[in-house]
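Student: Mind folding the following:
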Amino acid sequence: MANQNPQEKFKTLIGGQALIEGILMRGPEKQAIVVRSPEGLVKKVEDLRLTKKRAKILSWPLIRGVVNFGASMFNGVKALMFSAEYFPDEESDAEPSRFEKWAEKHLGSEWVEKAVTYFAVVVGIAFSVGLFILLPTFLTGLISGLRENYLARNLTEGAVKIVLFLGYMILVSQMKDMKRVFSYHGAEHKTIRCYEAKLPLTVENVRPMTRFHPRCGTSFLLVVVCISILCGAFLRVSNTFARMGLHLLMLPVIVAISYEINRFVGRHDNAFTRALTTPGLCMQRFTTNEPDDSMIEVAIEALTAVIPEEEGADQW
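Tutor: Predicted coordinates for the structure are as follows:
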């Protein structure tokens, strides 16, 4: 599988996220949400509040990884909720609860929206950490013969983490609703590939592009899992719950290192970086699907909205 686009002329820092019948694109100055609702295309463009302009320390290596991860999670969940509003299910049509009415009346709808978004982010992070970091440690701790054999224990924990991560991604990719989301994910990658090839952003030019991209969130998550395995090699604690606690304490460091690795890989193209991106690109066989032309149109609309006016301002 080719992991680089032979037509790539430059690397952009513009990235995106697939939504429910839509795409979020984030550029250096703006982010755009485009959703294909039952009534037609809906577009929402916002100026970004860059963390490096608020405090220089937030842009320092290692610190910026944790900050950007948190910001991406918040903006991603918020965008996902925005897209979901155009496709309500039966439960969402129900009458708001008394608490929801009270909160909106006394605290305001904007505060409620932020509270719900933060809660969703916390739940999402807790689920991921619990499933891919803490559960493998707990399960491995049940094997009495491994408790004092730290090398074997760490290797077993690592194997369980990889199996759980791969299994989860493969199972999710088989869900009917997620197949369309992953098709939008493919449209996002193809459109960015076309833009990096400096070709006009048309459906005809985007369609033949590869749906695999080395600078992808899926690859980042896989790197996080792998770095957590390497960091676990330094643990010399036999108590299972103590190990789980140490894994939690190491999480910011793991995220920070993973971000810097992804940043390095994104800036360079050689045999070493291609080897590092290959596992993530293979994973994208499950997390991206070939999009139809209507999905590509959404991706083009979203990407066009965040391209900076100054050429080269989005150079990676």
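
Student: Could you check how far Met268 is from Trp316?
Tutor: Actually, residue 268 is His. It isn't Met. Using Cβ to Cβ, to the nearest Å, we find His268 at a distance of 10 Å from Trp316. C-beta: built from backbone N, CA, C; applies to glycine.

Student: Double-check Val224 against Ser258; I have them as touching.
Tutor: Yes - between Val224 and Ser258 there is a contact at 4.6 Å, judged by Cβ atoms under 8 Å.

Student: the longest helix in this structure is where?
Tutor: Assignment by DSSP state H gives helix 240-267 as the longest helix of the chain.

Student: And the average pLDDT for it is what?
Tutor: Mean pLDDT, computed over helix 240-267, is 89.

Student: so what's the spatially most central residue of the chain up against?
Tutor: The chain has Gly217 as the residue nearest its centroid, 3.7 Å off, counting by Cα atoms, centre = their mean. By Cβ atoms under 8 Å, 6 or more residues apart in numbering, Gly217 lies in contact with Gly15, Gln17, Ser72.

Student: Contact partners for the first one?
Tutor: If I follow you right, that is Gly15. Met25, Arg26, Ile192, Arg215, Gly217.

Student: can we see that at 6 Å?
Tutor: Contact analysis of Gly15 by Cβ atoms under 6 Å, 6 or more residues apart in numbering lists Arg26.

Student: and what of the second one?
Tutor: Applying Cβ under 6 Å, 6+ apart, we find Gln17 in contact with Leu24, Gly76.

Student: at 10 Å instead, please
Tutor: 23-26, 31, 33, 72, 75-77, 79-80, 181, 184-185, 188, 217, 302 (Cβ atoms under 10 Å, 6 or more residues apart in numbering).

Student: quick one: what helix or strand has it in it?
Tutor: Taking DSSP states H and E as the criterion, Gln17 maps to strand 15-19.

Student: Describe which strands that strand pairs with in its sheet and in which direction.
Tutor: The sheet places strand 15-19 alongside strand 22-26 (antiparallel), with pairing taken from DSSP bridges.

Student: Mind jotting down where the strands sit in the stretch 201-316 of the chain?
Tutor: For the stretch 201-316 of the chain, no strands turn up when DSSP state E, counting those that start in this stretch is the criterion.

Student: In what element of secondary structure is the closest residue to Pro291 other than its chain neighbours found?
Tutor: Spatially, and ignoring its direct neighbours in sequence, Pro291 is nearest to Ala187 (3.7 Å; Cβ to Cβ, 6 or more residues apart in numbering). Using DSSP H and E, Ala187 maps to helix 176-196.

Student: Could you check how far that helix is from the centre of its chain?
Tutor: Averaging C-alpha coordinates over helix 176-196 and over its chain gives two centres that are 13 Å apart (Cα atoms, centre = their mean, to the nearest Å).

Student: Now do it: which elements does it pack against?
Tutor: The criterion is 3 or more Cβ pairs under 10 Å, 6 or more residues apart in numbering; DSSP states H and E, and the helices and strands that helix 176-196 contacts are strand 15-19, strand 22-26, helix 63-84, helix 150-173, helix 203-206, helix 217-232, helix 271-287, helix 293-306.

Student: Which positions within the fourth one qualify as buried?
Tutor: Within helix 150-173, the residues scored as buried using 16 or more other Cβ atoms under 10 Å are 150, 153-158, 160-162, 164-165, 169, 173.

Student: got it, and the second one?
Tutor: With burial defined by 16+ other Cβ under 10 Å, the residues of strand 22-26 counted as buried are Gly22, Ile23, Leu24, Met25, Arg26.

Student: And for the last one?
Tutor: Applying a neighbour-count criterion of 16+ other Cβ under 10 Å, the buried positions in helix 293-306 are Met295, Ile296, Glu297, Val298, Ala299, Ile300, Glu301, Ala302, Leu303, Ala305, Val306.

Student: Nearest to Pro61 among those?
Tutor: Val306 (25.0 Å; Cβ to Cβ).

Student: Now for the closest one: which residues touch it?
Tutor: Taking Cβ under 10 Å, 6+ apart, one finds 12, 14-16, 24-32, 45-46, 48, 314 in contact with Val306.

Student: how about a cut-off of 8 Å?
Tutor: Ile14, Met25, Arg26, Gly27, Glu29, Lys30, Gln31, Ala32, Val45.

Student: and of the residues you listed, the nearest to Gln7?
Tutor: Ile14 (16.9 Å).

Student: from what I can see that closest one touches Ile192, true?
Tutor: Yes - under the criterion of Cβ under 8 Å, Ile14 makes contact with Ile192 at 6.4 Å.

Student: what touches both of the two?
Tutor: Counting by Cβ under 8 Å, 6+ apart, the residues touching both Ile14 and Ile192 are Leu303.

Student: low-confidence ranges in this protein?
Tutor: 1-6, 50-55, 89-113 (pLDDT under 70).
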